[in-house]
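Asks: Got a predicted structure plus its sequence, pasted below:
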Amino acid sequence: MTPLLEARGLSRAFGHVQALDEAEFDVRAGEVVALVGDNGAGKSTLVKALTGNLEADRGELLFDGRPVSFTSPAQAFALGIEVVFQDLALAPHLNPVQNMFLGREIPRRGLLGRLGFMDERAMRERAEAGFRDLGGTVTDLTARVGEMSGGQRQQIAIVRAITWADRLVFLDEPTAALGVVQTRHVLDTIKRVRDKGIAVVLISHSMPEVLEVADRVQVMRLGRRVAVFEGADTTVEQLVGAMTGGIR
Amino acid sequence: MSLVQRLSRLQSVWILGVLVVIVVLFSIAAGQRFLSTGNFSLISQNIAVWAVLGVGMTFVIITSGIDLSIGSVLVFSSVVAAKVMAAVGGDGWSTASLGIGAALLSGIAWGTLNGFLVARARIPALIVTLGTLSVALGLAQVLTGGIDIRSVPESLTDFNTYIKIVGIPALPFVALVTVVAGAIVLHRTRFGRYTYAIGSNQIAARRMGINVERHLIGVYGLTGALAGLGAVLALSQFGTTTIAGQSLTNLNVIAAVVIGGTSIFGGEGSIFGTVVGLFIPAVLQAGFVIIGVESFWQGVAVGSVLVAAVFVDQSRRARAQRGASSTRKERT
Amino acid sequence: MKKLLVTGAAMVLALSACTSSKPTESGGGGSPAATVDPSAPAATSVTAPGKASKNYNIQFIQGVAGDEFYITMQCGIEAEAAKLGVTVKTQGPQKFDPTLQKPILDSVVASKPDAILIAPTDVTAMQQPLEAAAAAGIKVILVDTTTEDPSYAVSAIASDNVGGGKAAFDAIKKLNPNGGKVMVMSTDPGVSTLDLRVKGFEDAAKADSSFKYLPVQYSRNDPATAANLISSALQKDPDMVGVFAGNLFSAEGTATGVRQAGKTNTVKIVGFDAGPNQVKALREGTVQALVAQQPATIGQYGVDMAVAALDGGQVTPKVQTGFTVIDKQNIDGEGAAAAYKSSC
């Protein structure tokens, strides 16, 4: 079946550092793909190139089998692709609803809407629905995001991403700063996102987590894809071996 | 979180309590002389100009910026308005409206310049507005030779002296309308929401597609326009351009905004808090004069309240963070 | 949309509830028996009333706090108040500026004194607030400075500033019999007393052909500014022979500037007002003469007029007090009595 998003032969250099070297990548609709690799393997650069945050020197991108080229995140967003970077891009003084709709507030109907007045009730209801759907632990929608736990903040960022992106979501190290129980919740959330039909690309350093949620795992090393594994029958040793070059 | 809980976390509510305490103390000391509608009417008139400026400053500080130039922009705008009105001549409202228009345009121009330098040229707001503070005041003095212009149309000064709207003296009424409009924009519109977002996390705002540069130019432009409106009110109140009288205005307004609960680190604040913060120095001064204490003590008192207010706000914030992180471990 | 219409209608209604209390006829009733007419001839002294019929509450609002001229006035006021059996409280703004003085006046009016003695800081800006005070039934006495239309006041007492300016010129002439370039260092334009002094000096200087009158400079009542201005003026006209410093702060700053330029021997300075720093400068030779006003007398007359107005006695609407020229010869004699105090 045609991959949802596919990259062929992507290359990008920063000065004399070749961050991407004929890298390849593909993700299919409704699957969770994990992107792993050691530090400096090129994961972040690849994600930026796939989402319009960076332009590649060479190579091509295909979305739904058609060639595309992104010069800004807005173009990726228009196709239904969103990224949740590690900093989460949340405004700590605003509450979850306000954060969810940041930049995309629902205006009131008519003249008031054009003056900038917002439909707070509609936004709150959509937010409540979104959180309910994902079964998260965010209960108080009026509290400030900055006072919530890391896990809750991650959930808010994910809910925001999938509210607006209906095809594909990239998650960059979503569990890096979280404890055991919070990680559990995020992983459950990822599964539920997949079950809604949205593809997820997960960058993670944690091999056990990767093996738990990912349908496929793609390994990067030195700027290119070196291995693709099926999540079900892979071991940590195989992954680490591919990452470090122990196994070719 | 219940309403009571949410209210008790607001700095502005605590500061309102401080104001109430001050009013009670002075009322006990001076009785009817202090606690009279006439007295509060005069206090409101005297802070009307600051209230208008305070609305703009609240927006600016919420974006974690600052504007030191408002006093000078006010002076420049009042000079421009006075010159226009003197050139046209006459005492009626048609002359006055030309002056009002000139003052607002002048204010918007300076504000937009501030915003452009802060947002596009990426110069820190403290430096930019320190610069425009000097330039605007200097230009005003060049235009007038340092001499106040005294020919303000009678219709404008009569507005302050004689007019009452729904029983409220004219200048406080204009200030009240401005404050209410400012509060509605800040708390209920996208413009206000983006102001908070940019102050809270500018990178996030940018990432979510908000045009941060354009918004900041808008915020500083708004502040400049309000300085122009303040100039009109000052002309109405004093009948002259008060070139030498605005040197401390910027600090007084900033102090009021910060006392009222707006954080200089950005992301939070309210117009209501600013209004309460404005009343505190004005009530302190009026009270001291009425009970016969040297008004020098007013400076001591206001400075102490300012530092105490920020200290209380900081420790409250720190406690909230610690509280959140401890429940974080339990709740997850 | 409906909410907007409702709000709009409410605002229109509110605006139509606009009321104006402007009097449509001039010359309302109830004005006190004697009002100040600026063109009337001035008396030079007053008949002091006897003890007041009750312990009136009088408020004195200085032009600026911390200025020895107003402190000496306060001493005169307090002495006369004690003599007549009334109470006086003093307040003053930190700077000689109406934006600072008006809120103080407002608060004083709110405390409902029987009379206010005030030195207004601006002829225009303080006009309406003082009219309002008089309309509230408070007796207003103007001391030192005045406003555009002082008819609301019971009495206006000030030095004969025009004569004072002329006396300053005579002092400069005595020090420079051969003539030369002379200048005035004033404070702010629009301060009635200073403008009159400048006028007195200017008229006398222009009438004398051996002197050239240079343009007046404004120090904003700040000694540092005066020092800067005189330095620049000396650069432009190094052969200046005399400067008339219009008041205390101007004299301090001018003396500093002349000293820094090393011109103490060639530039003669005549100061107006005799604060301790100026008397010191006179002794040291930085300033050659001082034209001292009689602020204590002004204050004393102010209290007299307040009590007279409140008790229905004889009120003199316009009073001009004199001055003493202090120089090195009389500084320890009659000059010492004329010097200003820094505390009572």
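Replies: Arrived safely.

Asks: only C-alpha atoms for contact and neighbour calcs from this point on.
Replies: Fine.

Asks: What are the phi and psi values at the nearest residue to residue A:144 once chain neighbours are set aside?
Replies: Spatial nearest neighbour of residue A:144, excluding adjacent residues (Cα to Cα, 6 or more residues apart in numbering or on different chains): residue A:95 at 4.5 Å. The phi and psi torsions at residue A:95 (degrees, to the nearest 10) take the values phi -90, psi 170.

Asks: who in chain A is up against chain B?
Replies: When proximity is defined as Cα under 8 Å from any Cα of the partner chain, chain A approaches chain B at A:74, A:88-94, A:102-103, A:105, A:115-118, A:137, A:140, A:142-143, A:147-149, A:151-152, A:181-182.

Asks: can you pull out the strands in the stretch 101-250 of chain C?
Replies: Assigned by DSSP state E, counting those that start in this stretch, the strands in the stretch 101-250 of chain C fall at C:115-118, C:139-143, C:155-159, C:180-186, C:211-213, C:217-218, C:240-245.

Asks: Revised request: answer the last question for chain B.
Replies: Counting by DSSP state E, chain B has strands at residues B:163-165, B:168-169.

Asks: Likewise for chain A?
Replies: Using DSSP E, strands in chain A cover A:5-14, A:17-27, A:32-37, A:58-63, A:66-68, A:81-84, A:168-172, A:199-203, A:216-221, A:224-230.

Asks: and those as JSON lines, adding distance to chain C, mean pLDDT and mean neighbour count?
Replies: As requested, the strands of chain A are exported to JSON lines (distance: least, Cα to the nearest Cα, whole Å; pLDDT from 0 to 100; neighbours: other Cα atoms under 10 Å in any protein chain shown):
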{"stretch": "strand A:5-14", "distance to chain C": "45", "mean pLDDT": "90", "mean neighbour count": "19"}
{"stretch": "strand A:17-27", "distance to chain C": "48", "mean pLDDT": "90", "mean neighbour count": "20"}
{"stretch": "strand A:32-37", "distance to chain C": "47", "mean pLDDT": "93", "mean neighbour count": "27"}
{"stretch": "strand A:58-63", "distance to chain C": "43", "mean pLDDT": "90", "mean neighbour count": "17"}
{"stretch": "strand A:66-68", "distance to chain C": "43", "mean pLDDT": "90", "mean neighbour count": "12"}
{"stretch": "strand A:81-84", "distance to chain C": "36", "mean pLDDT": "91", "mean neighbour count": "24"}
{"stretch": "strand A:168-172", "distance to chain C": "39", "mean pLDDT": "93", "mean neighbour count": "26"}
{"stretch": "strand A:199-203", "distance to chain C": "42", "mean pLDDT": "93", "mean neighbour count": "25"}
{"stretch": "strand A:216-221", "distance to chain C": "53", "mean pLDDT": "92", "mean neighbour count": "25"}
{"stretch": "strand A:224-230", "distance to chain C": "58", "mean pLDDT": "89", "mean neighbour count": "19"}
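
Asks: Can you redo these as TSV, where the extra columns are distance to residue C:122?
Replies: Formatted as TSV, those follow (distance: least, Cα to Cα, whole Å):
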stretch	distance to residue C:122
strand A:5-14	67
strand A:17-27	72
strand A:32-37	76
strand A:58-63	75
strand A:66-68	72
strand A:81-84	63
strand A:168-172	67
strand A:199-203	72
strand A:216-221	79
strand A:224-230	79
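
Asks: Please name the bridge partners of residue A:63.
Replies: On the basis of DSSP bridges, residue A:63 is bridged to residue A:5, residue A:66.

Asks: how near is it to residue A:27?
Replies: Distance of residue A:63 to residue A:27, computed by Cα to Cα, to the nearest Å: 10 Å.

Asks: Overlap in contacts, those two.
Replies: In terms of Cα atoms under 8 Å, 6 or more residues apart in numbering or on different chains, residue A:63 and residue A:27 are both contacted by the residues A:3, A:4, A:5, A:6.

Asks: which residue packs closest to the last one, ignoring adjacent ones?
Replies: Leaving out its chain neighbours, the residue that sits closest to residue A:6 by Cα to Cα, 6+ apart is residue A:26, at 4.3 Å.

Asks: Within range of chain A, give me the residues from the stretch 101-250 of chain B.
Replies: Residues of the stretch 101-250 of chain B lying near chain A (Cα under 8 Å from any Cα): B:188-191, B:194, B:196-197, B:200-201, B:203-205, B:207-210.

Asks: can we see that at 6 Å?
Replies: When proximity is defined as Cα under 6 Å from any Cα of the partner chain, the stretch 101-250 of chain B approaches chain A at B:189, B:190, B:197, B:200, B:201, B:204, B:208, B:209, B:210.

Asks: In ChimeraX, how would I select the buried members of those?
Replies: Buried members of these, defined by 16 or more other Cα atoms under 10 Å in any protein chain shown, are picked up in ChimeraX with:
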select /B:189,190,197,200,201,204,208,210
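
Asks: For the residue of the stretch 201-332 of chain B found nearest chain A, which non-adjacent residue is spatially closest?
Replies: Distances between the stretch 201-332 of chain B and chain A by Cα to the nearest Cα are smallest at residue B:204, namely 4.1 Å. Once flanking residues are discounted, residue B:204 sits nearest to residue A:89: 4.1 Å by Cα to Cα, 6+ apart.

Asks: What are the phi and psi values at residue A:101?
Replies: Here is the backbone geometry of residue A:101 (degrees, to the nearest 10): phi -100, psi 10.

Asks: so where do the helices sit in the stretch 151-300 of chain B?
Replies: Using DSSP state H, counting those that start in this stretch, the helices of the stretch 151-300 of chain B run over B:154-162, B:170-188, B:190-200, B:202-207, B:212-238, B:249-259, B:271-291, B:296-331.

Asks: coming back round to it: can you pull the contacts of the residue nearest to residue A:144?
Replies: Contacts for residue A:95 (Cα atoms under 6 Å, 6 or more residues apart in numbering or on different chains) come out as A:142, A:143, A:144, A:145.

Asks: what does residue C:341 give?
Replies: C:68, C:72.

Asks: Just to be sure, it is in a helix?
Replies: No: looking at residue C:341 with DSSP: H, G, I helix; E, B strand; the rest coil, it is coil, so not inside a helix.

Asks: For it, give its distance to residue C:75.
Replies: 8 Å.

Asks: any weak-confidence spans in chain A?
Replies: Scanning chain A for pLDDT under 70 picks out the ranges A:135-136, A:247-248.

Asks: same thing but at 50, please
Replies: Residue ranges of chain A with pLDDT under 50: A:248.

Asks: And the stretch 1-150 of chain C, by the same measure?
Replies: Within the stretch 1-150 of chain C, the stretches with pLDDT under 50 are C:25-34.

Asks: let's see it at 70
Replies: Within the stretch 1-150 of chain C, the ranges that satisfy pLDDT under 70 run C:1-8, C:11, C:14-15, C:24-35, C:38-39.

Asks: What's the PyMOL line that selects buried ones from the residues of chain A next to chain B?
Replies: To isolate the buried members of the residues of chain A next to chain B in PyMOL, using 16+ other Cα under 10 Å:
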select buried, chain A and resi 74+88+89+90+91+92+93+94+102+103+105+116+117+118+137+143+147+148+149+151+152+182
